[in-house]
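>>> here's my sequence, what's the structure:
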Amino acid sequence: MKQHRVNLKSGTLWLLLLLISNLFFAFVMWLIAPEAFGSIIVMIVLFTIIIIIVGYWINHKKQKKQMEALQSFFTSPDEESKQILLATFDNFWHPIIQCASTQMREQVEIIKDKQLELQNYQEFIEAWTHEIKTPLSLATLVLDNHKDDMSPYVYKRMEHVRYVINSDIEKILYYARLHADHVDYRFKKIILTDCVNECLEDFRGIIDEKDVNLQLNLIPLQIVNDKKVLIFMISQILSNAFKYTPSEKAVINITSWRDTQDNSRIHLAIRDNGRGVPPEDMPFLLDKGFTGNHPDRQNATGMGLYFVKKYGDALSIEVNIRSVSTDCKGFEIELIFPEVV
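Predicted coordinates:
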């Protein structure tokens, strides 16, 4: 309908000229042969209507062909589509089409070069990430074999450093996995408590060093999910919780339960007693790279909770975040799993 209105609007001038021309000839006929004016004017009107309909149909077909050629050219501005476009437009438009074609093909080549550079860079980063795991595994082995040769403090610090490096490498791999064309998830029945305890082992050094009051209210609930990815998600939440707890009297509470009022869905809540998150930052906390205005988060990458949200969507895990109302401090993030049938 819109196309029809455009066609009528563009042809208004020609219709007006045709009408004036017909009126002029009708006036001439009335002067020359007034007795035959009635029959001739009918023929002129019928002929004009036929001319308008045929002209409109031809113009409509031409514009439709031009639109198809333009769409094909914009989709793939190669030589073939350019020749088709030139054939559908008058010579007046050919220089403009030639210029547009040249510029678009240059831009396409630039984009292809940039995409190739980006792909090469991604492949290099992914290859490096896999290679760096070998010396990291060696460092882990050395640490385990020489644990008794080091003081407990040094060993815990070294263990924490090893964990941080390994965690950063995992982030790179999981980021690449997010953008993979095909991702395999291994869903199976797992005990949620086992996943949490496995994560906490990696934080044992920082728990002891910060003397964190770890409050566990976990019950053995069974869920169906990809254990490895879920552990990565929980470790990102725990990493945030440990990072933003106060240096003294730090408390982290981890609770799980089955909500019979919520279709028996299973909940896992991790809460810290840190400074919390400003209300204005809450809507953006799961966005990629968001760090907000909180002074404690200025050195953060803003990727941890982004991963939690993205993989939560992929694994059908609902992610809820909220500031804790107790003493107006703290932050809580909750994972909600569907019921296992």
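
>>> now do stretch 78-96, average pLDDT.
What stretch 78-96 shows for mean pLDDT is 88.

>>> residues of that stretch that come out buried?
By neighbour count on 16 or more other CB atoms under 10 Å, the buried set for stretch 78-96 is 81-82, 85-86, 88-89. Heads up, the C-betas are built off the backbone N, CA and C, glycines and all.

>>> and of these, the nearest to residue 233?
Looking at these and their distance to residue 233, the nearest is residue 81, at 46.4 Å (CB to CB).

>>> what distance do you get for the closest one to residue 204?
Using CB to CB, to the nearest Å, residue 81 is found at 63 Å from residue 204.

>>> same question for residue 83.
70 Å.

>>> again, but for residue 336
27 Å.

>>> same check, this time on residue 153
Distance of residue 153 to residue 204, given as CB to CB: 14 Å.

>>> picking up where we left off before, export the buried residues of stretch 78-96 to TSV and tack on secondary structure?
Listed next are these as TSV, based on DSSP: H, G, I helix; E, B strand; the rest coil:
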residue	secondary structure
81	helix
82	helix
85	helix
86	helix
88	helix
89	coil
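
>>> and which of those is nearest to residue 330?
For the buried residues of stretch 78-96, the minimum distance to residue 330 (CB to CB) is 59.8 Å, reached by residue 81.

>>> and the strands in the stretch 1-150 of the chain, which stretches?
According to DSSP state E, counting those that start in this stretch, the stretch 1-150 of the chain carries no segments that qualify as strands.

>>> where exactly do the helices run in it?
Ranges of helices in the stretch 1-150 of the chain, per DSSP state H, counting those that start in this stretch, are 2-10, 12-32, 37-75, 79-88, 94-145.

>>> buried deepest among those helices, which one?
Comparing the helices of the stretch 1-150 of the chain by mean neighbour count (mean count of other CB atoms under 10 Å), helix 79-88 ranks first with a mean of 15.

>>> what does that one rub up against?
Applying CB atoms under 8 Å, 6 or more residues apart in numbering, the contact partners of helix 79-88 are 62, 65-66, 69-70, 72-73, 75, 94, 97-98, 101.

>>> and with 6 Å instead?
Applying CB atoms under 6 Å, 6 or more residues apart in numbering, the external contacts of helix 79-88 come out as 65-66, 69, 72-73, 94, 97, 101.

>>> burial count for residue 264?
Residues near residue 264, counting by other CB atoms under 10 Å, number 12.

>>> ok, it touching residue 339?
Yes - here residue 264 lies in contact with residue 339, judged by CB atoms under 6 Å, at a distance of 4.4 Å.

>>> low-confidence stretches in the stretch 201-341 of the chain?
Counting by pLDDT under 70, the stretch 201-341 of the chain shows low-confidence ranges at 293-299, 323-328, 341.

>>> the helices in it, which residues?
Using DSSP H, counting those that start in this stretch, helices in the stretch 201-341 of the chain cover 204-210, 227-244, 304-314.

>>> any idea how far residue 200 lies from residue 63?
With CB to CB as the criterion, residue 200 and residue 63 are 68 Å apart.

>>> per-residue confidence for residue 193?
So, for residue 193, pLDDT stands at 94.

>>> can you report how many residues neighbour the residue lying closest to it once chain neighbours are set aside?
In space, residue 193 comes closest to residue 218 once its chain neighbours are excluded; the distance is 4.6 Å by CB to CB, 6 or more residues apart in numbering. Residues near residue 218, counting by other CB under 10 Å, number 16.

>>> do the same with the one 4 residues further on
Number of residues near residue 222 (other CB under 10 Å) recorded here: 13.

>>> contacts only, for it.
Residue 222 touches 189, 191, 340, counting by CB under 6 Å, 6+ apart.

>>> repeat for residue 256
By CB under 6 Å, 6+ apart, the neighbours of residue 256 are 192, 218-219, 221, 268.

>>> among these, which one lies nearest to residue 22?
The nearest one, if we look at the contacts of residue 256 relative to residue 22 and count by CB to CB, is residue 268, at 81.9 Å.

>>> who does that closest one form a beta bridge with?
Beta-bridge pairing of residue 268 under DSSP bridges involves residue 256, residue 335.

>>> any idea how far residue 225 is from it?
11 Å.

>>> do the same with residue 61
57 Å.

>>> phi and psi next, for the residue nearest to residue 193.
Phi and psi for residue 218, reported as degrees, to the nearest 10, are phi -110, psi 140.

>>> what is the nearest of the contacts of residue 256 to residue 24?
Relative to residue 24, and with distances defined as CB to CB, the nearest of the contacts of residue 256 is residue 268, at 86.5 Å.

>>> doesn't residue 335 make contact with the closest one?
Yes - using CB under 6 Å, residue 268 makes contact with residue 335 at a distance of 4.6 Å.

>>> quick check: residue 253 touching residue 271?
Yes - at 4.6 Å, residue 253 and residue 271 qualify as touching, with contact defined as CB under 6 Å.

>>> quick one: stretch 94-114 to chain centroid distance?
Centroid separation for stretch 94-114 versus its chain: 28 Å, with CA atoms, centre = their mean, to the nearest Å.
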